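Q: take this sequence and fold it.
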Amino acid sequence: MLATAATTAIEDPAAWLSHRPPFLFVDRADAGEDRLSLRAQRRFPADEAFFSGHFPGEPVVPGVILIELLAQAANLLLSWRAGHTVRGYLVGVEGAKFNQTVHPGQLVNVDIRFAEPPRPVPAGAARFSTFHGVAHVDQRRCMRAAVNIYHIG
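A: Residues are numbered from 1 along each chain as shown. Predicted structure coming up:
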């Protein structure tokens, strides 16, 4: 859950991300008023290409896609804070743990938060930011991880 009860809806998450279909996984998002946290959502439709091979007869969202969803949520938070699209690159994953499978049609809620408050850096400077993320389906945790994002600005 977001640490703060007050949130701001991000009307068009795609406008804040460099990702595009078929590799855009954030459907909607709400940023915490503290600008340090964000909740993103994704409902994986049954016609996603990866379901046909992962796994036939029992489709499951791949764990790497869930990690990418966390990374995109982190990148969205970076962009929202900056007021413009920030191109972030996933450069590390720590402590990934998967607790249950995610199936087609299920709504995944991702809560992402800066591991520590970001420090000011000069405009145009490169930096690494670490985020703690957790994903839930039906209020049951399905995974958690820390993601490291490299970005400029």
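
Q: for Ala123, see how far away His136 is.
A: With the distance defined as C-beta to C-beta, to the nearest Å, His136 ends up 36 Å from Ala123. (C-beta placed from N, C-alpha, C; glycine too.)

Q: go on, Gly63?
A: Counting by C-beta to C-beta - Gly63 and Ala123 are separated by 36 Å.

Q: who's more crowded, the two?
A: For Gly63 and Ala123, the more surrounded residue by other C-beta atoms under 10 Å is Gly63, and the numbers stand at 17 against 7.

Q: and that one, what does it touch?
A: Under the criterion of C-beta atoms under 8 Å, 6 or more residues apart in numbering, the contact partners of Gly63 comprise 96, 98, 143.

Q: make a markdown table out of the residues you listed and add secondary structure, pLDDT and distance to Pro21.
A: Below are the contacts of Gly63 laid out as a markdown table (DSSP: H, G, I helix; E, B strand; the rest coil; pLDDT from 0 to 100; distance: C-beta to C-beta, whole Å):
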| residue | secondary structure | pLDDT | distance to Pro21 |
| --- | --- | --- | --- |
| Ala96 | strand | 98 | 25 |
| Phe98 | strand | 98 | 25 |
| Met143 | strand | 98 | 23 |
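
Q: relative to Ala9, which of the residues you listed is nearest.
A: Sorting those by distance to Ala9 puts Met143 at the head of the list, at 24.4 Å, by C-beta to C-beta.

Q: quick one: that closest one from Asn99, how far?
A: With C-beta to C-beta as the criterion, Met143 and Asn99 are 6 Å apart.

Q: tell me which of those two has more neighbours.
A: The neighbour comparison of Met143 against Asn99 (other C-beta under 10 Å) goes to Met143, with 24 against 13.

Q: quick check: the more buried one vs Arg35, distance?
A: Taking C-beta to C-beta, one finds Met143 at 25 Å from Arg35.
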